[in-house]
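J.: Sequence first, then the predicted structure:
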Amino acid sequence: MTLHTPDEVDKIRDSCRIVFEVQQLLADAIRPGISTVELDSLAEETIRKNGAHPAFKGYNGFPASICASVNSEAVHGFPNNDSLVAGDMLSIDVGVLLDQYYGDGAFTLGVGQISEANQHLLNTTELALQDGVRSAQPSGRLSDISHAIQLRVESNGMSVIREFGGHGIGRTLHEDPHIPNYGSPGRGPKLQVGFVIAIEPIVSMGRPEIVVADDGWTTTTRDGATVAHFEHTVAITKNGPEILTLPKKETTTVL
Ligand code: MG
């Protein structure tokens, strides 16, 4: 676990602000008829305009600036030329590297009108993220976050996809510790001021089992169930968790 100085947290915050800007632009652009390749171009252009680099592009060979995962794709989908259609559920994950520090965030959005069940999946996953963030207290332990997420998801009859989870972040995109989205509370490292983590529940409306495609990346649910994914980069401060991937005033409303 890396402990960051306030200056280093500021640098991560600067990256995270670009993540937020990209997310806002993409959310405004998502509509039936647009393709995820178009969204990827918009993301890359916005990141580079800010003097930053798309953190995912070339990461272990990943080909794009965003992960774009539709419906039963859980994570790591490649942007493609297919037009999104009303009712689709699109998850977008975006990472930014600015001045040697990373920011990471993800959200899922319904394209046009979506079903009530899909709306419930969105709400539950977003609440699971909020529960996880709220559990990231300087007095607590890492698995408090895991437990809070699992409780929210499973009490709504949904499943946590267990192969993926949150992570430390800073001068590397993914660093220790891995943060499972399930488990008993009160375990793992003590959370400390200066610790920065990406918290990211990935939730299946059906069963949790996944299949990885031949491309080595695109991960779908085995049963075809729809998935939602929300992620914030969060700093542990003496006053509690601070969401770096939201502007400050929105941080206070969420918490
Ligand atoms: Mg992440």
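T.: Arrived safely. Numbers count the residues shown, from 1 in each chain.
J.: partners of the residue positioned nearest the centre of the chain in the sheet?
T.: With distances taken as C-alpha atoms, centre = their mean, Glu231 lies nearest the centre of the chain, 2.5 Å away. Beta-bridge pairing for Glu231 (DSSP bridges): Ala106.
J.: Next, work out how far apart it and Thr125 are.
T.: 10 Å (C-beta to C-beta, to the nearest Å). Any C-beta I mention is one placed from the backbone N, CA and C, and that applies to glycine too.
J.: which residues touch stretch 48-59?
T.: Here stretch 48-59 makes contact (C-beta atoms under 8 Å, 6 or more residues apart in numbering) with 15, 18, 21, 43-44, 47, 62-67, 93-98, 102-104, 173.
J.: let's see it at 6 Å
T.: Ile18, Glu44, Ile47, Phe62, Ser65, Gly95, Val96, Leu97, Leu98, Tyr102, Leu173 (C-beta atoms under 6 Å, 6 or more residues apart in numbering).
J.: What parts of the stretch 51-200 of the chain come near the ion?
T.: Residues of the stretch 51-200 of the chain found near the ion (C-beta under 5 Å from the ion) are Asp104, Ala198.
J.: Helices of the stretch 51-200 of the chain, residue ranges please.
T.: 116-134, 142-154 (DSSP state H, counting those that start in this stretch).
J.: Identify the residues contacting Asn156.
T.: Counting by C-beta under 6 Å, 6+ apart, Asn156 touches Thr124.
J.: Any stretches of the stretch 151-255 of the chain with poor pLDDT?
T.: Within the stretch 151-255 of the chain, the stretches with pLDDT under 70 are 249-255.
J.: Closest residue of it to the ion?
T.: Ala198 (4.1 Å; C-beta to the ion).
J.: That residue reaches Phe164, doesn't it?
T.: No - at 11.1 Å, Ala198 does not count as touching Phe164 under the criterion of C-beta atoms under 6 Å.
J.: Which one of those two is surrounded by more residues?
T.: Neighbours were counted for Ala198 and for Phe164 using other C-beta atoms under 10 Å; Ala198 has more, 27 against 19.
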